[in-house]
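> I'll drop the sequence and a predicted model, then ask my questions.
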Amino acid sequence: KRVAVLISGTGTNLQALIDASSNEDFPAEIALVISNKPGVKGLERASAHGIPSAVVHHKEFDTRETFEQAIQQHLEQYKIDLVCLAGFMRILTPYFVNLWKGRLLNTHPALLPAFKGMHGARMAIEAGVRISGCTVHFVEAEVDAGAIVCQRAVPVFPSDDEDTLQDRIKTAEHEAYPEALQLVASGRCSLGSDGRLVWQQ
Ligand SMILES: Nc1nc2ccc(CNc3ccc(C(=O)NCCCC(=O)O)cc3)cc2c(=O)[nH]1
Ligand SMILES: N[C@@H]1O[C@H](COP(=O)(O)O)[C@@H](O)[C@H]1O
């Protein structure tokens, strides 16, 4: 499967997917990286591995749909089969989500359905939970609400602040995302028409 990874920043999850895909038994190759922000570290990671990349800057478009159409053109050009959001921070409209239903994954830095939104680690600290983690899920129009493919739990220590917890969560994501991509790219896991996860026996 040809995979495009959409980023907005440092790209440590992108790096984890690149590293996992370098094993020839892995059922996916990272064929394209798209960032909505120029000059981010994730773009350097792509070029360091000879992976084509593009910047589609959302501020250059009048509407969300035209921004997403520009992304779609790159995905078609590179014959992409699956899209992975990895720190991609723009909400996608139903236009894009419906084009990629069942072929669009995201990683969230909390154990969904808890702590939806931008600041999963911060909300866990504020809530005083003792366990948090990450969730890889299919992307639906409703934010952070798609069928869950993989989750990893991490402990929350009394000494933790948002940064130390976010770091531990990222380490868990770097295991969970390749596992989730493996499951979906191999066809082991898919999204049912009822929006629930389907496991091939
Ligand atoms: N439709 C759909 N699209 C998404 C886009 C990104 C992410 C990543 N997680 C995200 C979760 C929340 C946000 C957010 O609230 N950003 C501030 C507003 C930015 C903007 O105006 O665009 C961004 C990414 C998840 C989803 C999702 O679950 N469903
Ligand atoms: N949405 C969150 O943003 C972070 C992106 O990190 P990176 O992959 O760019 O290092 C990840 O923790 C992801 O869950």
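Ah, there it is. Ligands and ions are numbered 1, 2, ... in the order given.

> show me which residues of the chain are close to ligand 1?
Where the chain comes near ligand 1, counting by Cβ under 6 Å from any ligand atom, the residues are 85, 88-92, 97, 106, 117-118, 139-141, 143-144. Where C-beta positions appear, they are placed from N, C-alpha and C, glycine not excepted.

> rerun that using 8 Å as the cut-off
58, 64, 85, 87-94, 96-97, 106, 108, 116-118, 137, 139-146 (Cβ under 8 Å from any ligand atom).

> near ligand 2, anything from stretch 113-132?
Yes - counting by Cβ under 8 Å from any ligand atom, ligand 2 has neighbours in stretch 113-132: 118, 120-121.

> so which of these sit within strands?
When DSSP state E defines the strands, the subset of the residues of stretch 113-132 next to ligand 2 inside them is empty.

> among those residues, which ones are buried?
Those of those that meet the buried threshold are 120-121, by 16 or more other Cβ atoms under 10 Å.

> since we're on the closest residue to ligand 2 within the chain, how many residues are nearby?
Closest to ligand 2 within the chain is residue 87: 2.7 Å, counting by Cβ to the nearest ligand atom. Residue 87 has 22 neighbours, counted by other Cβ atoms under 10 Å.
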